[in-house]
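S.K.: Fold the following and give me the result.
(chains A and B)
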Amino acid sequence: MTTTTSLEARTSAPSRSPRPDRGSGVGGGLLTALTWVIAIAFFFPVAWMALTAFKQESEAASNPPTWFFTPTLDQFRSVIESGAGVYFANSLIATGVSTLLVIALAVPASYALAIRPVKKTQDVLFFFMSTKMLPVVAVIVPIYVIAGRLHVLDTIWTLVVLYTAMNLPIAVWMMRSFFQEIPGEVLEAASMDGAGLMRTLRTVLIPMVAPGLAATALICVIFAWNEFFFALNLTAARAATVPIFITSTMTSEGLFLARLSAASLLASLPVLIAGWVAQKQLVRGLSMGAIK
Amino acid sequence: MATLVEKHHRREADRRDEVKTPAQLQRAEAWRRRAPLLPALTFTIIVTQVPFLVTIWYSLRSWNLLRPGADRFVGLSNYVDLFADSTFRQAALNSVIFTLGCVAVAMLLGIGLALLLDRKFVGQGLARTLLITPFLIMPVAGAMIWSVSMLNPTYGMVNWLIGLVGINPVDWTSTYPVLSILIALVWQWTPFMMLLVLAGLQAQPKDVLEAAQMDGAGWGKTFVSITLPQLRRYIELGVLLGAIYVVNTFDQIYLMTAGGPGTASANLPFYIYQRAFLGFDIGQAAAMGVVVVIATIIVATFALRLIFRSFEQKD
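M.R.: Prediction:
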């Protein structure tokens, strides 16, 4: 823990700002180096997957590993030709529609919970969160049987309903925190003007919580896009989603490492880019549940 | 429901007893206020509670899809069988190991990384971007990366790396299946914990930190007496949310070890999946589901009460 003491020495000087700036000084430099080493270590598996996706199979499965090679798009071409489009379309619909539904249900609900602090509010919030405690495996058997009897197995709409239920508690929880941030005077002013609930929501509240709404939607998108268990058990040929596509690439025809990497990269890319671009919203979204 | 309305009604009356409105008006007002909540509440109750009630019903029946016509009521015998089942105990133990191990290690690493990132340095934004990436990677893809690219016995990067210092290659996923899955889980969940703690650090009031420094408090002292209490609710939330998701871990086990070798690395979700979808033993699988739910509720109630208490204190 030498790094800690050096930081302590630096920051305890009264003239300094509380946080060491620009990594100047030996202690700061060491901490910066340590941060970078860990960051690269965490990122390495992803970087290696991305590299492998541009290799030929023989280069991908070599020992020692191949570091230098002529990049090729063959693997991506083969992934697309093997019918990945259908899986991506299914994932897109299941994720998009369920996220829209979650928002449509969560905004009024969290508004009610945030603005009307009734005693039962805690109980309702507790109930919403407690449904997240319900292990999905405990309900998968009846869901399978019920879906079978309703003839909705292997349809995207089954996934849409389940993904909505899966993300709704988190969304209600997060959106309530964002609504609580709104000062009471704003609401009073709106009701003085005679605006009804829907108009107040649309013209005053939604614009104010827009960043929070974006964060909530992002987190719903991440969980829905990545969901595997429901998709594995409730879909087959028609409604299978991207995670199912990856596993089928992995098991059906033996192991083609480079092609598998290309498929995994393509599958992760939408969420990866969204998350990278909207980091600030992501952090805000995750932390809002903790603040309020 | 009536009591809920009445209670609300009474509170409303207390709050503004200077404007005495007729009771009926208040009743309508209470419903107008509660109405936005109902669609979400109704939807959640139907989609989550109905299947669970059906699970309880199934758990009391002997029903195996491989034995048609044998669907009959057997009372608690599925539960009795369960506690005699050593695989079930193994899977329960693995669930505990995965959950506690992953949440504890990911949280400690997350706190450390958040502290490292909460300083100004060159390329801070890029370092943070690299660090959050595992959280964004599709878990199925993450499991693939770890089982094949990293831990594969012949061409995995980990064996190549330890080979550089002269250690013999290890067949990670079959020799150390639990450890292999834990590594993949910790890798996936550390960024989540880091993001939460980082948000907590950035929400610290700067003037308090400055005041502490003025008083000559060192970094360690400031951290223990100011930063850590401030982070408490963020850490609690991270542990709670992390535990909820990690208890349900399925992807990594399905793809990395398939619960094996044998049933060495199966957790409860994976074992229930095996019994239901490979063994077609609906009754047994349902009974296991019910036991998991009861155990989860017992543990989670304590955790959730803890969180709510810390929320109420602040409010």
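S.K.: Verify the stated contact: B:Lys40 with A:Ala104.
M.R.: Not Lys; residue B:40 is Ala. No - at 9.2 Å, B:Ala40 does not count as touching A:Ala104 under the criterion of Cβ atoms under 8 Å. Backbone N, C-alpha and C define where each C-beta goes, glycine included.
S.K.: Would you confirm that B:Gly166 belongs to a helix?
M.R.: No - B:Gly166 is assigned coil when assessed by DSSP: H, G, I helix; E, B strand; the rest coil, not a helix.
S.K.: Just checking, which helix or strand succeeds the worst-scoring helix or strand of chain A on mean pLDDT along the chain?
M.R.: Using mean pLDDT, DSSP states H and E, the weakest-scoring helix or strand in chain A turns out to be helix A:2-11, at a mean of 39. Downstream of helix A:2-11, the next assigned helix or strand under DSSP states H and E is helix A:25-53.
S.K.: Please work out how many residues are found near B:Phe302.
M.R.: 10 (other Cβ atoms under 10 Å in any protein chain shown).
S.K.: For it, give me its contacts.
M.R.: Shown in contact with B:Phe302 (Cβ atoms under 8 Å, 6 or more residues apart in numbering or on different chains): no residues.
S.K.: Kindly report the same for A:Ala215.
M.R.: A:174, A:278, A:281-282, A:284-286, A:288 are the contacts of A:Ala215 under Cβ under 8 Å, 6+ apart.
S.K.: Can you lay out these as a markdown table showing secondary structure and distance to B:Ile45?
M.R.: A markdown table is the format used below for the contacts of A:Ala215 (DSSP: H, G, I helix; E, B strand; the rest coil; distance: Cβ to Cβ, whole Å):
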| residue | secondary structure | distance to B:Ile45 |
| --- | --- | --- |
| A:Met174 | helix | 20 |
| A:Ala278 | coil | 32 |
| A:Gln281 | helix | 30 |
| A:Leu282 | helix | 30 |
| A:Arg284 | helix | 30 |
| A:Gly285 | helix | 26 |
| A:Leu286 | helix | 27 |
| A:Met288 | helix | 25 |
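S.K.: Near chain B, list only the ones from those residues.
M.R.: A:282, A:284, A:286 (Cβ under 8 Å from any Cβ of the partner chain).
S.K.: Tell me if the helix or strand containing A:Thr247 is near chain B.
M.R.: Using DSSP H and E, A:Thr247 sits within helix A:242-251. Yes - Helix A:242-251 reaches chain B (Cβ under 8 Å from any Cβ) through A:242-243, A:246-247, A:250.
S.K.: Can you tell me which helices and strands that helix packs against?
M.R.: Packed against helix A:242-251 by the contact rule (3 or more Cβ pairs under 8 Å, 6 or more residues apart in numbering or on different chains; DSSP states H and E) you find helix A:84-115, helix A:229-234, helix A:257-277, helix B:139-144, helix B:251-256.
S.K.: Next secondary structure after the first one?
M.R.: Read in the C-terminal direction, the helix or strand following helix A:84-115 is helix A:120-133, with elements assigned using DSSP H and E.
S.K.: Please, where are all the helices along the stretch 101-250 of chain B?
M.R.: B:124-136, B:139-144, B:157-164, B:172-175, B:177-202, B:206-214, B:219-222, B:228-247 (DSSP state H, counting those that start in this stretch).
S.K.: Comparing those helices, which stretch has the densest surroundings?
M.R.: helix B:139-144 (a mean of 27; mean count of other Cβ atoms under 10 Å in any protein chain shown).
S.K.: tell me the mean pLDDT for it?
M.R.: The pLDDT scores in helix B:139-144 average 94.
S.K.: And for stretch A:38-47?
M.R.: Rounded mean pLDDT across stretch A:38-47 is 96.
S.K.: So for A:Glu227, what's the pLDDT?
M.R.: pLDDT, read off for A:Glu227, is 96.
S.K.: Ramachandran angles for it?
M.R.: phi -60, psi 140 (degrees, to the nearest 10).
S.K.: show me the contacts for the spatially most central residue of chain B.
M.R.: Nearest to the mean C-alpha position of chain B, by Cα atoms, centre = their mean, lies B:Ile244 at 2.2 Å. B:Ile244 sits next to A:132-133, B:300 when contact means Cβ under 8 Å, 6+ apart.
S.K.: hmm, which of the residues you listed are the buried ones?
M.R.: Buried residues within the contacts of B:Ile244, defined by neighbour count using 16 or more other Cβ atoms under 10 Å in any protein chain shown: A:132-133, B:300.
S.K.: Export the residues you listed as TSV, with columns for pLDDT and distance to A:Ala258.
M.R.: Below are those laid out as TSV (pLDDT from 0 to 100; distance: Cβ to Cβ, whole Å):
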residue	pLDDT	distance to A:Ala258
A:Lys132	82	38
A:Met133	77	41
B:Ala300	74	43
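S.K.: Among those residues, which one lies nearest to A:Ala214?
M.R.: Using Cβ to Cβ, A:Lys132 is the member of the buried ones among the contacts of B:Ile244 that lies nearest A:Ala214, at 21.7 Å.
S.K.: And for A:Tyr109, the neighbour number?
M.R.: Actually, residue A:109 is Ala rather than Tyr. Neighbour tally, A:Ala109, other Cβ under 10 Å: 25.
S.K.: Can you tell me, leaving aside adjacent residues, what's nearest to residue 75?
M.R.: In the absence of a named chain, chain A is used. Counting by Cβ to Cβ, 6 or more residues apart in numbering or on different chains, A:Gln75 lies nearest to A:Ala262, which is 3.7 Å off, once chain neighbours are set aside.
S.K.: could you do chain B instead?
M.R.: B:Leu60 (6.1 Å).
S.K.: Report the contact partners of that neighbour.
M.R.: B:73-76, B:78, B:283.
S.K.: so how far is A:Val102 from it?
M.R.: Note on B:Leu60: its distance to A:Val102, by Cβ to Cβ, to the nearest Å, is 34 Å.
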